[in-house]
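Participant: Structure, please.
(one chain, ligands or ions: 1)
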Amino acid sequence: MFRNAARSLTAVRALQRTHQPSLARAFSASGLTLNSLDTFTEEEQMLRESVRRFATDVVGPKVRDMDEQEQMDPQIIKGLFDQGLMGIETSADHGGAESSFTSAIIAIEELAKVDPSVSVMCDVHNTLVNTILRKYATKDQQDKWLPLLSESKLGSFCLSETGSGSDAFALQTRAKKDGDHWVINGSKMWITNSAEAEIFLIFANTDPSKGYKGITCFIATKDMGIQIAKKEQKLGIRASSTCTLNFDDLRIPEENIIGGIGRGYKLAIEILNEGRIGIAAQMLGLAIGAFEKVVPYTYTRHQFGQPIASFQGLSFQLARAAISIESAKLMTYNAARRKEEGKEFAKEAAMAKYWASVVAQEVSGGAIEWAGGVGFTRETGVEKFWRDSKIGAIYEGTSNIQLQTIAKFIQKEYS
Ligand SMILES: Cc1cc2nc3c(=O)[nH]c(=O)nc-3n(C[C@H](O)[C@H](O)[C@H](O)COP(=O)(O)OP(=O)(O)OC[C@H]3O[C@@H](n4cnc5c(N)ncnc54)[C@H](O)[C@@H]3O)c2cc1C
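Facilitator: Just a heads-up that it's a prediction; the model follows:
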């Protein structure tokens with residue numbers, strides 16, 4: 001699993017020879033390589049560096065304009081594809097980078113440090129759209145769709161509707177069979193990436209008499225007749241498009257069903273569990289971005305004849321924020337590694353998403369105050385992190401829904 005396992009083993013053997021022979025013997029006898037939670041492969045570290053450069057050099061200069069204009073720059077979307085960031089886990093055969101899930105998490109985090117809007121575009125495309133196809137599509141479907149999604153076509157995940165948000169499986173969009181096609185009628189709300197996307201995963205009910213067990217996932221392209229309606233004007237992540245979609249007798253070929261008829265609910269639940277780690281990474285990156293933007297300023301800004309960070313009142317606030325960021329980081333990476341190791345991770349993902357969104361709000365809100373008046377202006381970009389942070393407690397399951405998931409695990413364990 002970890003490519004640096006060999007190096008870690010060498011370190012354990014060095015320990016055996018020197019200071020802690022009994023501990024090191026226990027490690028190697030168990031066959032385990034014990035690493036800190038922020039241990040990354042060389043490939044993952046290289047990816048972090050290259051995404052950091054892309055985010056700083058290419059995204060950074062455009063952040064404010066994109067936020068003001070509520071528009072994603074097409075060059076940024078192209079850049080994400082050119083950088084290989086739109087098929088991170090996809091196999092090389094399908095034009096992807098064939099990297100780990102943690103690599104996707106790292107990319108989402110690094111992008112969010114600079115712009116959470118760009119981060120969520122990459123997140124939805126990778127952790128929801130690509131993952132559904134990698135896990136549930138047939139080989140023919142993968143051969144057809146994954147190369148497009150790796151190389152040039154942006155994807156959207158269309159589950160929520162006006163009347164079904166937290167209760168997602170109460171969705172009203174219907175699909176009726178007509179020969180070798182399905183005809184979809186209904187609408188979706190809040191769909192990320194939808195203004196720019198060309199490929200859509202649409203959840204519709206093929207047999208309402210079966211309740212949520214009629215929900216089925218379809219893949220469609222915009223030119224099949226998807227109507228992109230109202231674009232929302234939002235508090236935060238304003239460069240990320242969020243639109244209503246209408247389907248008026250949208251005809252989709254039978255071969256575009258992903259994962260089988262009536263399997264949509266299962267597929268959505270499983271994918272959203274993974275997706276939540278992506279949102280945790282977005283919120284983690286956001287918190288770090290706000291922290292790193294303001295903390296250096298607190299050492300250069302003088303009041304009462306000394307740097308404001310030298311006052312205990314402020315330095316303790318920075319210390320608490322650093323602790324919060326560290327805890328969100330460890331929870332996010334741990335959930336990601338558990339998923340990679342094939343361990344149960346739904347509880348850890350819910351915890352990481354819940355906590356990282358709390359930390360993002362606290363740290364970005366604090367950052368405005370540490371910067372004083374300038375933090376409150378749009379020019380510095382600090383207030384944008386705070387506006388962007390609110391969404392972490394809403395999409396891919398609100399904070400209450402995460403608490404509900406965690407509470408169910410506690411009940412299972414203790415009742
Ligand atoms: C910017 C943005 C992007 C989005 N992107 C997508 C996307 O790409 N694809 C997609 O399918 N959806 C997307 N969504 C939809 C998002 O997932 C929903 O908004 C979210 O699930 C909440 O649903 P709701 O807005 O209907 O709120 P509601 O479900 O009406 O919730 C309102 C409040 O009630 C609380 N509540 C609801 N049920 C319970 C309960 N059982 N116990 C306790 N409290 C409860 C919630 O926690 C919340 O505080 C997006 C939303 C936004 C705002």
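
Participant: Give me the most central residue, this protein.
Facilitator: Nearest to the geometric centre of the chain sits Gly278, at 2.6 Å (CA atoms, centre = their mean).

Participant: That residue contacts Val129, doesn't it?
Facilitator: No - using CB atoms under 8 Å, Gly278 is not in contact with Val129; the gap is 11.6 Å. Every C-beta, even on glycine, is put in place using the N, C-alpha and C of the backbone.

Participant: Which residue ranges make up each domain of this structure?
Facilitator: Annotated domains of the chain cover 1-34, 42-153, 157-264, 266-414 [automatic domain parsing].

Participant: Of the ones you listed, which is nearest the ligand?
Facilitator: Nearest to the ligand among the domains of the chain is domain 157-264 (1.8 Å), distances taken as CB to the nearest ligand atom.

Participant: First residue to last residue on the closest one, what's the distance there?
Facilitator: End-to-end distance for domain 157-264: 12 Å, by CA to CA, to the nearest Å.

Participant: likewise stretch 370-379?
Facilitator: Stretch 370-379 has an end-to-end distance of 16 Å (CA to CA).

Participant: close to the ligand, is the biggest helix by length in the chain?
Facilitator: Ranked by residue count and defined by DSSP state H, the top helix of the chain is helix 264-300. No - contact of helix 264-300 with the ligand (CB under 6 Å from any ligand atom) is absent, the minimum separation being 8.7 Å.

Participant: Report the next helix or strand after that helix in sequence order.
Facilitator: Sequence-wise, the next helix or strand downstream of helix 264-300 (DSSP states H and E) is strand 302-303.

Participant: and whichever helix or strand comes after that following strand, what other elements does it pack with?
Facilitator: Remark: after strand 302-303, the chain's next helix or strand is strand 306-307, criterion DSSP H and E. Contacts defined by 3 or more CB pairs under 8 Å, 6 or more residues apart in numbering; DSSP states H and E place strand 306-307 against helix 264-300.

Participant: Off-centre distance for the helix it packs on?
Facilitator: Here helix 264-300 is found 7 Å from its chain centre; the criterion is CA atoms, centre = their mean, to the nearest Å.

Participant: Please spell out which residues along that helix are buried.
Facilitator: Using 16 or more other CB atoms under 10 Å as the test for burial, helix 264-300 gives 264-268, 270-291, 293-295, 297-298.

Participant: Those residues of this protein touching the ligand, which are they?
Facilitator: Remark: the part of the chain in contact with the ligand comprises 124, 157-160, 165-166, 190-192, 234, 242, 391, 394-396, 398, 400-401, 404, using CB under 6 Å from any ligand atom.

Participant: from those residues, which ones fall inside helices?
Facilitator: Judged by DSSP H, helices contain the following of the residues of the chain next to the ligand: 400-401, 404.

Participant: show me what contacts Thr173?
Facilitator: 161, 184-188, 202-205, 247 (CB atoms under 8 Å, 6 or more residues apart in numbering).

Participant: I'd like these as CSV, with distance to Ser50, neighbour count and pLDDT appended.
Facilitator: Shown next, in CSV, are these (distance: CB to CB, whole Å; neighbours: other CB atoms under 10 Å; pLDDT from 0 to 100):
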residue, distance to Ser50, neighbour count, pLDDT
Glu161, 38, 21, 98
Ile184, 40, 24, 98
Asn185, 44, 15, 98
Gly186, 41, 19, 98
Ser187, 39, 17, 98
Lys188, 34, 27, 98
Ile202, 33, 27, 98
Phe203, 34, 25, 98
Ala204, 39, 26, 98
Asn205, 42, 24, 98
Phe247, 39, 26, 98
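
Participant: Restricting to C-alpha, output stretch 123-138 in PDB.
Facilitator: In PDB, the C-alpha atoms belonging to stretch 123-138 read as follows (Å, rounded to 0.1, in the frame of the first residue of the first chain):
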ATOM      1  CA  ASP A 123     -13.500  17.300  -5.900                       C
ATOM      2  CA  VAL A 124     -16.900  16.600  -7.400                       C
ATOM      3  CA  HIS A 125     -15.400  15.500 -10.700                       C
ATOM      4  CA  ASN A 126     -12.900  13.100  -9.100                       C
ATOM      5  CA  THR A 127     -14.500  11.700  -5.900                       C
ATOM      6  CA  LEU A 128     -18.100  11.500  -7.100                       C
ATOM      7  CA  VAL A 129     -18.200  11.300 -10.900                       C
ATOM      8  CA  ASN A 130     -15.000   9.400 -11.800                       C
ATOM      9  CA  THR A 131     -15.400   7.200  -8.800                       C
ATOM     10  CA  ILE A 132     -18.900   6.000  -9.700                       C
ATOM     11  CA  LEU A 133     -17.700   5.100 -13.100                       C
ATOM     12  CA  ARG A 134     -14.500   3.400 -11.900                       C
ATOM     13  CA  LYS A 135     -16.500   1.400  -9.300                       C
ATOM     14  CA  TYR A 136     -19.800   0.600 -10.900                       C
ATOM     15  CA  ALA A 137     -19.600   1.000 -14.700                       C
ATOM     16  CA  THR A 138     -19.100  -1.900 -17.100                       C
END
